[in-house]
Structure formats: C-alpha cells, structure tokens
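J.: no FASTA, just this:
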C-alpha cells in the first residue's frame with residue numbers, strides 16, 4: 001500500500017508539472033486532465049498521511065504513561081520544522097526557475113521515501129478487531145488527557161491561521177500584497193507555528 005501511495009503522489013505531481021497530457025509538454029492542461037492529476041496526487045498524499053499517522057499511533061502505544069503524547073508532539077514539531085524550511089526554499093526555487101521545478105520536487109520527495117517501507121516490520125494476517133471494538137479503543141484513547149490536550153492545542157493553533165485561497169486572493173487583489181510579501185508572511189507563520197509547538 002505504501003509503495004502504491006508514494007507512487008501515486010509522485011506520478012500525480014510529475015504529471016501536474018508537465019502542464020498537459022503526453023505530447024503537450026509546456027502547453028496549458030485541460031480542466032479534466034488537471035483535475036485527474038490533482039485527484040491522483042491528493043489521493044496518494046492523503047493515503048500516505050493516514051498510513052503515517054497509523055504507524056505513529058501504534059508506536060505511541062508503547063510509550064510509558066508518564067510521557068504519553070510526547071511522540072505525537074515530536075512528530076508535529078518535525079513536520080512544522082520541515083514546513084518552515086520548505087517555505088523559503090520553494091520561494092527561492094520559484095523565483096529563480098519557475099513553478100515546474102517546485103512541483104517536480106513535490107513529486108520526487110514523496111516517491112523517494114518509498115524504499116524506507118522495506119525496513120518496516122509488519123505483522124501479516126493479524127486478527128482484526130470488530131468495528132465496535134475499534135471505535136471503543138479510539139474513544140478511550142481520545143478521552144485520555146495525554147491525547148486530547150496536545151491535539152486540542154495543535155487544532156486551535158492551526159484554526160487561528162487563515163490560509164485559504166479566498167483569503168490569499170483578497171490580500172492580493174484588494175489589499176495589494178505582492179507574492180513575495182505573501183510568501184514572507186507564510187514563512188513567519190511557519191516559524192511561529194514551530195516555536196509554539198516547541199514552547200508547548
């Protein structure tokens with residue numbers, strides 16, 4: 001599954017960077033073709049994200065009671081640190097070489113981690129609990145203070161950051177922000193996000 005997901009992310013990103021179907025490199029893509037490539041990219045990305053969360057959740061079960069929730073917080077800190085580094089890097093690449101190289105990089109990096117799947121230990125044909133038992137286990141985990149408190153903090157911290165496309169369009173067309181200024185705001189937001197997680 002991980003191989004398929006990583007390949008879907010990489011293929012979808014690479015197709016997006018080409019700008020059209022085979023034989024039409026550099027030309028604007030059609031709406032159906034662009035929609036399909038975005039669907040392929042998004043499907044692989046979110047499947048891989050869910051698998052990553054599942055691995056972290058299973059590993060977190062082995063944490064001692066005194067440090068429950070530390071692994072999730074560490075993972076979020078690493079994620080936001082990566083965003084903090086990627087934002088200025090992608091800005092420089094975009095300004096110097098255009099969007100194609102940014103999208104190719106987005107396609108290559110997820111596909112590059114696929115070989116790491118080979119070192120993961122997996123129990124095959126393990127007994128699967130019923131849906132009711134799984135929901136009960138999820139609920140008991142969520143009710144744990146070591147889980148809901150850090151996750152509530154992360155959720156509220158992200159909710160307070162407005163980053164949707166409509167807001168960016170308003171900033172550009174009405175308030176007159178340039179792309180460089182918007183990228184600078186994004187970089188500052190990621191830095192503050194990482195600092196907030198580390199402070200917590």
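T.: Noted; the coordinates are in hand. Owing to the predicted nature of the structure, the values given are computational and were not obtained by experimental measurement. Residues are numbered from 1 along each chain as shown.

J.: Could you pick out the longest helix of this protein?
T.: helix 31-60 (DSSP state H).

J.: Centre of the chain to that helix, how far?
T.: Distance of helix 31-60 from the chain centroid (C-alpha atoms, centre = their mean, to the nearest Å) equals 8 Å.

J.: and the angle for whichever helix or strand comes after that helix with helix 31-60?
T.: Going down the chain from helix 31-60, the next helix or strand is helix 70-97, by DSSP states H and E. Going by axes from the mean of the first three to the mean of the last three C-alpha atoms, to 10 degrees, helix 70-97 is angled at 150 degrees with respect to helix 31-60.

J.: so after helix 70-97, what's the next helix or strand?
T.: Next along from helix 70-97, by DSSP H and E: helix 99-112.

J.: Looking at that next one now, give me its mean pLDDT.
T.: Mean pLDDT, helix 99-112: 78.

J.: what is the mean pLDDT for the helix or strand that it is followed by?
T.: Going down the chain from helix 99-112, the next helix or strand is helix 131-142, by DSSP H and E. Helix 131-142 carries an average pLDDT of 86.

J.: Show me how far helix 131-142 is from its chain's centre.
T.: On C-alpha atoms, centre = their mean, the centre of helix 131-142 falls 25 Å from that of its chain.
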